[in-house]
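Trainee: Please work out how this folds:
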Amino acid sequence: MTGPTLPLDGTCRCGRVTLRATAAPYITSACHCRGCQRMTGGPYSLSALFASDALETGGETVIGGLHGPDQRHHHCAHCLSWVFTRLPALPEIVNVRAPMFDDLTWFHPYLETSTDEALPFAATGARRSFPGLPPPEDFPALMADYAAWVAQTGPA
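Mentor: The predicted structure is shown next:
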């Protein structure tokens, strides 16, 4: 496992929404829930969790997917690619769909969630697996373990 070379740049499918991450992610993941399966058209969604102040975005997004008070799925207003998710209760973080980044050579999901909904063939090789979501109180230890895992081989 290697960390990303910064900054990480990316776009939605049509290029109208741009991303730039100026710091490494807190953690990387794959989510197997049915909602992510339906939104991606694949067996899981891949994401990287960043500090909000480490992510610069450009272009117009619209809210799609879940429209409730707990999550805001931001999609490109033109091509409707699912680009990132914000959690109003945690404004200091943003969860970016990792495939939006141009360079994914560094990416490997550290944890996978909702494995109780995983399709039988959908193996990710993630280091940690959870049948649902890990409890919020587990995240400091998970993020510390992720950082140690990445540091084993150093940045790309």
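Trainee: can you map out the strands along this structure?
Mentor: For the chain, the strands defined by DSSP state E cover 8-11, 18-21, 27-31, 45-51, 55-58, 61-64, 72-76, 82-86, 93-97, 111-113, 128-129.
Trainee: just these: most buried one?
Mentor: strand 27-31 (a mean of 25; mean count of other CB atoms under 10 Å). For glycine as for every other residue, the C-beta is placed from the backbone atoms N, C-alpha and C.
Trainee: Rounded mean pLDDT for that strand, please.
Mentor: The pLDDT scores in strand 27-31 average 97.
Trainee: do the same with stretch 35-46
Mentor: The model assigns stretch 35-46 a mean pLDDT of 96.
Trainee: neighbouring contacts of it?
Mentor: With CB atoms under 8 Å, 6 or more residues apart in numbering as the test, stretch 35-46 has contacts from 28-32, 65-66, 73, 82, 97-99, 107, 109, 112, 114, 117-119, 121-122, 124.
Trainee: Sort out which residues of it are buried, please.
Mentor: Within stretch 35-46, the residues that count as buried by 16 or more other CB atoms under 10 Å are 36-37, 39, 43-46.
Trainee: Save the strands of the chain as TSV, and put in distance to Ala148 too.
Mentor: Shown next, in TSV, are these (distance: least, CB to CB, whole Å):
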stretch	distance to Ala148
strand 8-11	21
strand 18-21	20
strand 27-31	12
strand 45-51	16
strand 55-58	23
strand 61-64	34
strand 72-76	31
strand 82-86	26
strand 93-97	20
strand 111-113	14
strand 128-129	13
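Trainee: Tyr146 contacts Ala24, doesn't it?
Mentor: No - with contact defined as CB atoms under 8 Å, Tyr146 does not reach Ala24; the gap is 9.7 Å.
Trainee: Output the longest helix belonging to this protein.
Mentor: Using DSSP state H to define each element, the chain has its longest helix at helix 139-151.
Trainee: Now do the buried residues in it.
Mentor: So helix 139-151, judged by 16+ other CB under 10 Å, has buried residues 139, 142, 146, 149-150.
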